[in-house]
Every structure is written in structure tokens, then in C-alpha cells.
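Asks: Using only what follows, build the 3D model:
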Amino acid sequence: EALNHAGQEGRDLIVVLNDNEMSISKNVGAMSVYLNRLRTDPSYSRTKEEIETVLHKIPVIGPGIARAALRFKDMLKFMMVPGKIFEELGFTYIGPVNGHDLSELNKVLGNARRMKGPVFIHAITQKGQGYEPAFKNPRIFHGIGPFDIETGNPFKNAIKTYTEVFGDFMLKQASKDQRLVAITAAMSDGTGLARFARQYPERFFDVGICEQHAVTMAAGMARAGLRPVVAIYSTFLQRSYDQLIQDIALQSLPVLLAVDRAGIVGEDGPTHHGVFDMSFIRNIPNFTLMAPANENELFNMLHTACQLEGPVAIRYPRGVGDGVPVDQEPAALPVGRGEIITVGDDLTIIAIGRGVSLGKEIQKTLHEQGINCCLINARFIKPLDKELIIKASLHTTRLVTIEDGCLAGGFGSAVVEILTDENISADILRCGLPDEFVEHGKIELLLDFLNMDASSIAEKIVLRWPFLLKQRKVVGLYKSGEN
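Replies: Prediction:
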């Protein structure tokens, strides 16, 4: 769209394409095929330069002939270049050039600055250049955790990640249901679908970095009787919001969204935190929205989603789970029903997703101080377990909601809406992410900085309801240096 607009405007503009044949996974699609042809057939640029050089060397009449030859540029282009797409869009195409040769690149950029109108520079690079392990395995090194710098091998964790559990389920389910297909937007490794792609290549679709197309394609597949699963990062799902509404939800199609990297993701920074999905999915009609407390619950939620006939989104975090063993065979969960983990009379903690683990730490800390908490794993953001929430609020009258997403329009807001609609008065403390963009950093440090770690939330609870303390001296509740 931008190239089309820029070519029409005809203004001085330089566009540099860093062409390393990769998006995150290997490039796909017709444009990729076209660029690969240009990479291997630079004859147009080379021939054009050679002809212009020869003409300029002809005494007296040479420059005039060279100027006249510009009028034949299109003829030369049609003869020498397959496709001509950038020139047809109104750009002067320069390339391919060696993107690792800084001297050549500087020369090309200088020439481009002196040209009138939009210029397109096609620079060829190799992903991972300069570090052999990254060069050999660019997909893994696009976004890698701690690794051995000598070998390039990532450090392994004995506990499975949520992404790996999703990948395991997809293989198991594909062997049972021939309708199951998997779609990803250039993230086969990151979303755990690489094994699925190898084992079921005819049922795996990588659409490139085209989230809108991925969602609409899934809608079409579901309409044709397939059971598509779209594996996508939370932060990238928001690009396809219109398609979620118009193409999937409006027709209530059985599309499963596996929303990876939900919540705080760490070092990738403010563009990659998955903090908005609960807010923007829960207000779409026909959607079911879940979040597992651990890896086994994810396994069962995926199975549950495959039994439903409408759109489902399951959000789960980056990294390892709690180390909970995963069942050999999944079990369906009752839709819209939460789980009581502990009972207590002083207050109720209602948590979702990764917030359940936080809730367990908080419950333990407060119990040591004489405060007895009822802890609920909500499981579903939509539909919420209305009956359980009302019962808990009437019993303790004090509620704490915990979520790993933005507070505005999120899980806690949904709980407040239920109680308001039922005219139930309860004292509610919502714990989640503030109305601001979260910086990059280790997950634990960010949670501490945002006062979303267990000790900070426990402190908020005590400050909100100090009369619940059964003893005056609170040991180990406040952070170092506070009293």
C-alpha cells in the first residue's frame, strides 16, 4: 500500500529493502519468489550501467546518445528484468547490491540521494552474518534465550514450555482429527508448529507476516468444514482485529486461536508484551476466551476448544509452566466454570492464567499472617463463572482479581461488571497492568517494578483491609526497607 502511494506521489524518497530471504521463518509467497529471481539475475542493473558507461565514453555525441537512451529505458527493462514490479510502481530500481559491503552500499545510497523521485534499493544480506551458529540457524537466533556462545546451543529447561505443550497437543489431535489444519504467520518455530509442519506438511500453512490474511484464511477453511488452528503471538493478533469480528465471530465459525506470548514477555520490549488481548477479545460476541493456570490445564483447554462449534481463543504465556505433569489423554473442561483451589472466609482472590500461581503465593503469605483466603482459578474470561463469582462475593464481601493483562477492560473489569449488573455490593481490589506501555526487561524484574509480584500484591491487600490481620506484627510481608 505504501509503495503504491509513494509511486503515485513521485516525491523524493529512498526505500531500502534488506533482503535476507527471511521474515522470521523462511519467506513465503509470490513476492518472495520474485525477489529471489532478482537476487540471482542482476543482469538488468549491470547491463544498464555498462551501456551508460560505454555511451558516455563516445567523444562529443556520447552524452547526447546517453540522454536519448534514457527514453529506451522501459524497452531495456522489459527485455532484461522479469517482473519489473518496483519500476511499474513508479520507483527507480537499484540492485541487487551487496548489503554487507559498506563501501558499495554508501556509494549506492549517495547516488540514490541525487536522483529525483522515489528510489528502491534492493540490498542482499545474509541473516546471522558474522556468527556461524546464527548463520546456520537463523530462525532460532531471531529471538533466542540464554545460549552457549561457543556452540550456539540454547540452554534447555527440564520443564516444558507452554509452547511445547501446544505443539504436543497439535500432533496428538492431528492424528485423531483429519480436519485439523494449522496456520501461522511466519512463526512456525516460535509458536511450536515446526514439528507439525514436518509431519503434516499438507495440513500446515505459513502465510508469512500477514496476520489479517491468516485469520480470514482460517475463517474460509472453517466455513469449508475444516478445523483451523491459528497459532499467533498476542501482540500480533491485534493486527487482525477487524477480521476477528467480521470474518470469524460474525459467522460464529469454529476457529481456534492459540494466543502465545500473552502477558509480560520480557526482553522483547513494549512492542511484544501481550497485554491487550483479554480486553479486545472479550467484547466480541460468540467468542469463548480461556487462560490456563498451568501446562496441563492448557492441554485440557485445547481439547475442550476442539469440541466447541464456535470461535475460541486460548491465551498462554511465554516460557515454562509450573512443572505440572501433563495427562496422557486430555479431558474436557466445563465451559464457563471456575475452580475453587482453597477456601477461606476473609477475602476471595479470583485469578486468571499465570495470576493463579501468584494467587497461591499470596494466599500462603497471607495465611501465615492469619488472613484466610478463598482462591479461585477462573479459567474462563468469557463466559465468566457468574454463579461462582456472586457466591464468593456474598460470602467474603472482599474480592481481589489478578490478571497478567491491562486493567482497562480486562478480567477484573468483567468481574466488576457482573457484580454491578446484579446490584451486589463488594469491596474489590483489581490487580493488573497499569494504563501505560511496559518496558523491556526480565519478567520477574518487570513484575516487581509494576508491583505485580506476590509480595507487592499481598502488601496492597493488607493496606486495603488492615483489620483482617490477626496479629499486629507482620513478618516478611513488606519489601526490604519498608515498614
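Asks: Give the buried residues for the helix or strand encompassing I428.
Replies: Using DSSP states H and E, I428 sits in strand 427-433. Neighbour-count burial for strand 427-433, counted by 16 or more other C-beta atoms under 10 Å, picks out I428, L429, R430, C431, G432, L433. In this view, the C-beta of every residue, glycine as well, is placed from N, C-alpha and C.
Asks: Can you list the neighbours in contact with that strand?
Replies: Contacts to strand 427-433, defined as C-beta atoms under 8 Å, 6 or more residues apart in numbering, come from residues 264, 275, 355, 397-407, 410-413, 415-416, 419, 450, 452, 457, 460-461, 464-465.
Asks: Report the contact partners of S393.
Replies: By C-beta under 8 Å, 6+ apart, the neighbours of S393 are T348, L399, L419, I424, A426.
Asks: among those residues, which are in helices?
Replies: The helices, defined by DSSP state H, take in L419 from these.
Asks: right, and out of the contacts of S393, which lies closest to Q363?
Replies: T348 (10.5 Å; C-beta to C-beta).
Asks: Pull the number of nearby residues for that closest one.
Replies: By other C-beta atoms under 10 Å, 26 other residues sit near T348.
Asks: Pick out whichever of the buried residues of strand 427-433 sits closest to G130.
Replies: L433 (37.3 Å).
Asks: by contact count, what packs against the longest strand seen in the chain?
Replies: Counting residues, the longest strand found in the chain (DSSP state E) is strand 398-406. Contacts defined by 3 or more C-beta pairs under 8 Å, 6 or more residues apart in numbering; DSSP states H and E place strand 398-406 against helix 277-281, strand 347-351, helix 355-368, helix 411-421, strand 427-433, helix 454-464.
Asks: tell me how far the fifth one is from the chain's mean position?
Replies: In terms of C-alpha atoms, centre = their mean, to the nearest Å, the centre of strand 427-433 is found 25 Å from the chain centre.
Asks: repeat for the last one
Replies: Per C-alpha atoms, centre = their mean, the displacement of helix 454-464 from the mean C-alpha position of its chain is 31 Å.
Asks: Residue ranges in the stretch 51-200 of the chain under the pLDDT threshold?
Replies: Scanning the stretch 51-200 of the chain for pLDDT under 70 picks out the ranges 51-83, 138-145, 155.
Asks: Strands of that one, start to end?
Replies: 92-98, 118-124, 180-184 (DSSP state E, counting those that start in this stretch).
Asks: So what's the predicted local confidence for the closest residue to I402 other than its chain neighbours?
Replies: Leaving aside its sequence neighbours, I402 sits nearest to G355 (C-beta to C-beta, 6 or more residues apart in numbering; 3.6 Å). Looking at G355, its pLDDT is 97.
Asks: Near G355, how many other residues are there?
Replies: 28.
Asks: Same question for E1.
Replies: 5.
Asks: circling back to that earlier point, buried deepest among the strands of the stretch 51-200 of the chain, which one?
Replies: Compared across those, strand 180-184 shows the largest average neighbour count, a mean of 24 (mean count of other C-beta atoms under 10 Å).
Asks: Which strands and helices lie in contact with that strand?
Replies: helix 162-176, strand 204-206, helix 211-223, strand 227-233.
Asks: residues in contact with the third one?
Replies: When contacts are defined by C-beta under 8 Å, 6+ apart, helix 211-223 is touched by residues 181, 183-185, 205, 207, 228, 230, 232, 236-237, 239-240, 242-244, 247-248, 251, 253-255.
Asks: So if we follow the domain assignment, how does the protein break up?
Replies: 1-134, 162-315, 339-468 (the TED database).
Asks: of these, which approaches G152 most closely?
Replies: Nearest of those (C-beta to C-beta): domain 1-134, 2.3 Å.
Asks: end-to-end on that closest one?
Replies: Start-to-end span of domain 1-134 (C-alpha to C-alpha, to the nearest Å) is 32 Å.
Asks: and D242, how far is that from T216?
Replies: 10 Å (C-beta to C-beta, to the nearest Å).
Asks: Just want to know which of the two has more residues nearby.
Replies: T216 (19 against 11).
Asks: OK, contacts around the closest residue to I443 other than its chain neighbours?
Replies: Closest residue in space to I443, ignoring its immediate chain neighbours: G266 at 4.8 Å, by C-beta to C-beta, 6+ apart. Going by C-beta under 8 Å, 6+ apart, G266 touches R318, H440, G441, K442, I443, L446.
Asks: Considering the residues you listed, which possesses the most neighbours?
Replies: Of all the contacts of G266, R318 has the most neighbours under the rule other C-beta under 10 Å, reaching 24 neighbours.
Asks: That one and V259 touch, don't they?
Replies: No. R318 lies out of contact with V259 (C-beta atoms under 8 Å); the separation is 11.4 Å.
Asks: in the stretch 251-400 of the chain, which spans are strands?
Replies: Assigned by DSSP E, counting those that start in this stretch, the stretch 251-400 of the chain shows strands spanning 256-260, 288-290, 312-315, 339-342, 347-351, 373-377, 380-382, 398-406.
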